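[1] coords please:
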Amino acid sequence: MKGMPRIIRTVSSRLILVLLVSCTLIASAAFSQAIASGGISMTTRDRLKTPAFWPTKGGAQREEYAGTAECAKCHSGIAKSQATTPMAQASSFAGESPILREHPALNFRSGAYEYRIIYSKTSIQYDVSNGMKLLAAPPLTWAFGLGNKGQTFLYTQGDVLYESRLSFYKSLQALDVTTGNLHAESYSLEGSLGRMMDRDEARRCFACHTSESTTNNQFVPDQALPGVICESCHGPGRNHVLTMKSGQIEAGRKAVLNPRKLKPVDSVDFCGACHRTWGDVLEAGIKGIANVRFQPYRLENSRCWGSGDTRLTCIVCHNPHEPLVHEARAYDVKCLDCHITAVRGKPDKDHPGAPCPVSTTNCVACHMPKVEFPSMHAAFTDHLIRIVRPGASYPN
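    Sure, this is the predicted structure:
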């Protein structure tokens, strides 16, 4: 505005300021409206502040839970199938770990440190030696992880939980350093067995690997149930059971949550309570290959997701009551719900996705590649649906 009279410059500056403020207020209002309508991913931390039930919240009283056995009386087929899923097997008591039973003598050497995990029916010994001194941990209490990629062990000293510095990795069929830890020799002998977990971290871990570890907002790991079971996702069911038994069917149905009725973003955030929402990853600033593990984040970054498509929520492709399907071809029908198949066809409202010029089978094998996460010695399916360019860097 150089060369303009001062009064005009002043008026122009104020007008620009007013416009900027107005745009900001409009954007803020739109943002708030989008959140209220379920249009923008929220962090799990913010979700837990709302009064409604949400996975990992732990606000209900223990007596409000009915238990899986009670659920199975009416939903026997679902309960039986769900027990075979990765979620239901997300943890076990260490003494019941199939991995430890199948590998009763595990050894690992890191620098001068020699580790052992010795399993027997009566005890599990976890110790480390530097050749001069042997240091044993308290008995292992929990095994976290199904074991399809790996399994990490927990023990308690006093009232403090510790995560083992070593984990078992399926691809290695052996022990190696737990993801997120330095090499074992980086620690003193006393600190080399396990990493102390603060109360909040331990609560979050148990909330996603066990059930009912937190009730009435009190974290009591000793009362946790292994795995993620019915009421972890549908909410406490005692009122549902009593209401249904009294013949109040509609009221009974409303007494528990049916996640299928959630809006697309809410639905993906629901699973993201443990698998990390888009908002969680953004807030934590997790970049690079490490975020391939967080499927909701990757999915919502893809062009296919748009502003939230009901055909792309987690539960559309993955039935939480059934084991994970690994065959790529099984997902073709989901891809073709959006993509047209005729090479010369035109996308429309119902099928906005362009046709693939290569194939209409095994779609995910090309467009959702496996990405190796080195420290976990495993590959994860990248849910950032895309055209993969040879030699292209990992799209963050």
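[2] tell me what residue 215 is bridged to.
    residue 218 (DSSP bridges).
[3] so what's the residue count around it?
    Residue 215 is flanked by 19 other residues according to other Cβ atoms under 10 Å. Every residue, glycine included, has its C-beta placed from N, CA and C.
[4] does it really touch residue 206, like I thought?
    No - look at residue 215 against residue 206 with Cβ atoms under 8 Å: they stay out of range, at 11.7 Å.
[5] domains for the chain, by residue range?
    Domains of the chain are assigned by automatic domain parsing as 91-206, 259-381.
[6] please convert those domains to CSV, extending it with mean pLDDT, mean neighbour count and distance to residue 393.
    Shown next, in CSV, are those (pLDDT from 0 to 100; neighbours: other Cβ atoms under 10 Å; distance: least, Cβ to Cβ, whole Å):
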stretch, mean pLDDT, mean neighbour count, distance to residue 393
domain 91-206, 94, 17, 22
domain 259-381, 94, 17, 10
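[7] which one of the ones you listed lies closest to residue 82?
    Residue 82 lies closest, by Cβ to Cβ, to one member of the domains of the chain: domain 259-381, at 4.6 Å.
[8] show the end-to-end separation of that closest one, please.
    Length of domain 259-381, first residue to last, Cα to Cα, to the nearest Å: 24 Å.
[9] what's the answer for stretch 178-196, then?
    End-to-end distance (Cα to Cα), stretch 178-196: 13 Å.
[10] touching that stretch from outside, list them.
    108, 110-113, 115, 126-128, 130, 133, 135, 137, 150, 152, 155, 160-167, 177, 375-376 (Cβ atoms under 8 Å, 6 or more residues apart in numbering).
[11] among those, which lie within strands?
    The members of these that map onto strands under DSSP state E are 108, 110, 113, 115, 126-128, 135, 150, 152, 155, 160-167, 177.
[12] where along the stretch 201-350 of the chain do the strands fall?
    210-211, 214-215, 218-219, 225-226 (DSSP state E, counting those that start in this stretch).
[13] now do the contacts for the spatially most central residue of the chain.
    Centre of the chain computed as the mean C-alpha position; nearest residue by Cα atoms, centre = their mean is residue 275, 1.5 Å away. Residue 275 is in contact with 294, 295, 296, 314, counting by Cβ under 8 Å, 6+ apart.
[14] what's the answer for residue 382, then?
    So residue 382 contacts 292, 298, 368, 369, 370, 371 (Cβ under 8 Å, 6+ apart).
[15] if we go to 10 Å?
    By Cβ atoms under 10 Å, 6 or more residues apart in numbering, residue 382 lies in contact with 289, 291-293, 295, 298-299, 302, 364, 367-371, 388, 394-395.
[16] once you drop chain neighbours, what's closest to residue 355?
    residue 340 (5.0 Å; Cβ to Cβ, 6 or more residues apart in numbering).
[17] quick check, the one you found in contact with residue 349.
    No - Residue 340 is beyond contact range of residue 349, at 11.6 Å (criterion: Cβ atoms under 10 Å).
[18] overlap in contacts of those two?
    With Cβ under 10 Å, 6+ apart as the test, residue 340 and residue 349 reach no residue in common.
[19] and residue 289, how close does it get to residue 172?
    19 Å (Cβ to Cβ, to the nearest Å).
[20] just the contacts of residue 275 now: which is nearest residue 383?
    residue 295 (4.4 Å).
[21] any idea how far that closest one lies from residue 142?
    24 Å.
[22] now the end-to-end length of stretch 328-343.
    22 Å.
[23] so which residues make contact with that stretch?
    304, 309-312, 316-318, 325, 345-348, 350-357, 359-368, 381, 385.
[24] ok so, going back, in helices, which of the contacts of residue 275 fall?
    Among these, the ones falling in helices (DSSP state H) are 295, 296, 314.
[25] reformat the residues you listed as CSV; add distance to residue 262.
    Output for these, formatted as CSV (distance: Cβ to Cβ, whole Å):
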residue, distance to residue 262
295, 16
296, 13
314, 11
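[26] residue 106 falls within a strand, correct?
    Yes - looking at residue 106 with DSSP: H, G, I helix; E, B strand; the rest coil, it is inside a strand.
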